[in-house]
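structure of the sequence below:
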Amino acid sequence: MLRVGIVGMGFGAAVHLPAFEAQTGVEVVAVADNGSGRAKDLAAKRGGKLRAFNDGVSLAAWDGIDIVSIAVPPREQEALVRTALVAGKHVLCEKPFGTGSVAARELAQLAGDRRLVGALCYEFRYDPGVRRLIGLIDAGEIGAVRRIVVSWQTSGALDPQRVWSWRSDAEQGGGVLIDWFSHVADYTRRIAQSPLRSVWAQTAINVTERKDSRGTPRPVTAPDECDVVCKFESGVTGVLSVSNACRAPIGHRIEVFGDQGSILFHHSPPFSATGRSVRLMRGEEITVETILANHSPEADGRVVVIRELLADFIAVVRGESRPLLPTFSDGADNWGCLEAATTAAGDGCQRSTHGC
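Numbering: from 1, shown residues only. Presented below is the predicted three-dimensional model:
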């Protein structure tokens, strides 16, 4: 039986906990928060079957677990991952995996040196529609990939009642460039099967102020939209646009053009279980499929996708091979892309990604 401890009582409790509990031969035995008391409350609701910690570092170092699952803001991730690896634990960490590529590569090296499994929650690899798109590309249905166009447009940031949080602060890893575009960087590298060579980017902040939990207005420094044009080493071009402040949101679209056809994935608002479609076009022949997730419409789709990722993570911990699983090295490479895009957006110049 693999024993799991979860750090983070927001996304960790809502998504990681039920996703781990769906795995065979796995038991969640501990939870931790940042001193808020939510871990203790959860443990009480579970009848004392969970051990509650009021800080994540203590949980990560505890010898009563084999796996540490980390679902906290980016600025807190590095110390927790490092503590867990030094203590000999396998680690699942939420993206973006800390705050930069240098530390990410150090942690990837540390995990490798200690023969521990380090995986990241780049769960779009496991979205059923994205998996179908990638499978069609890998099967050669559109020939060699030439161009990837992404338009991920939602409207959540336009809500005037949304409270200021770390997601509003660029220094804490907030904003769509780090929080959302990191997913795009991950799956486009997988689609292109090539490192990025160069990036041009621009960002914008449409909502410049929000009130915090006390009602005090605070400035928003994290962008709510970004546009990125990139070139992969293989010659593939990426035109990638992400916004959480779009007044006419279309959802999430990924269109891949090859030298023999094209594939379009679209997950339309309100992002229901039945809202995914994949269209394959070869010449005048068009095939459209509705892609259904493996769950009821009432289920939390986030749990379903993370559950699939966790199944691969547990398999790798047990010594099996799962090539789709996002690794710490993938996270370091994605950070190289994010840093290049952030720098390019700041000075308006094209930037090398240095092998990301």
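
which strands and helices sit next to the helix or strand hosting V102?
Secondary structure assignment for V102, by DSSP states H and E: helix 101-113. Other elements packing on helix 101-113 under the criterion 3 or more CB pairs under 8 Å, 6 or more residues apart in numbering; DSSP states H and E are helix 74-86, strand 118-120, helix 328-347. Heads up, the C-betas are built off the backbone N, CA and C, glycines and all.

out of these, the one nearest E21 is which?
Between E21 and these, the shortest separation by CB to CB is 17.8 Å, and it involves strand 118-120.

same for that closest one, what does it pack against?
Contacts defined by 3+ CB pairs under 8 Å, 6+ apart place strand 118-120 against strand 90-93, helix 101-113, helix 301-317, helix 328-347.

got a list of contacts for that strand?
Contacting residues not belonging to strand 118-120 are listed as 81, 85, 90-95, 97, 107-108, 111, 309, 312-313, 316, 325-328, 330-331 [CB atoms under 8 Å, 6 or more residues apart in numbering].

check contacts around the closest residue to G98 other than its chain neighbours.
Closest residue to G98 apart from its sequence neighbours, by CB to CB, 6 or more residues apart in numbering: E78 at 4.1 Å. The neighbourhood of E78, defined by CB under 8 Å, 6+ apart, consists of G98, T99, A103, L107.

the last one reaches G98, doesn't it?
Yes. With contact taken as CB atoms under 8 Å, L107 and G98 are classed as touching, separated by 7.2 Å.

shared neighbours, these two?
Residues touching both L107 and G98 (CB under 8 Å, 6+ apart): E78, V81.

what about the residue sitting furthest away from the middle of the chain, distance to G261?
Computed with CA atoms, centre = their mean, the residue of the chain farthest from its C-alpha average is E284, at 35.6 Å. Relative to G261, E284 is positioned 11 Å away (CB to CB, to the nearest Å).

would you mind giving the domain segments of the protein?
2-116, 124-299+323-352 (automatic domain parsing).

list just the nearest of the contacts of E78 to D63.
L107 (20.7 Å).

what about that closest one, neighbour count?
Around L107 there are 25 other residues, counting by other CB atoms under 10 Å.

I'd like to know the average pLDDT value across stretch 243-250.
Averaged over stretch 243-250, pLDDT sits at 95.

stretch 184-198 now?
Mean pLDDT, computed over stretch 184-198, is 94.

still on that earlier bit, now the buried members of the contacts of strand 118-120.
With burial judged by 16 or more other CB atoms under 10 Å, the buried subset of these is 81, 85, 90-95, 97, 107-108, 111, 309, 312-313, 316, 325-328, 330-331.

I figured V207 was touching A222, is that so?
No. Under the criterion of CB under 8 Å, V207 makes no contact with A222, lying 10.0 Å away.

hmm, back to that, please render the helices and strands packed on helix 101-113 as CSV that adds distance to F20 and mean pLDDT to the earlier fields.
Formatted as CSV, the helices and strands packed on helix 101-113 follow (distance: least, CB to CB, whole Å; pLDDT from 0 to 100):
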stretch, distance to F20, mean pLDDT
helix 74-86, 15, 97
strand 118-120, 13, 98
helix 328-347, 19, 92
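
look up how far G25 lies from G346.
Computed as CB to CB, the G346 to G25 distance reads 47 Å.
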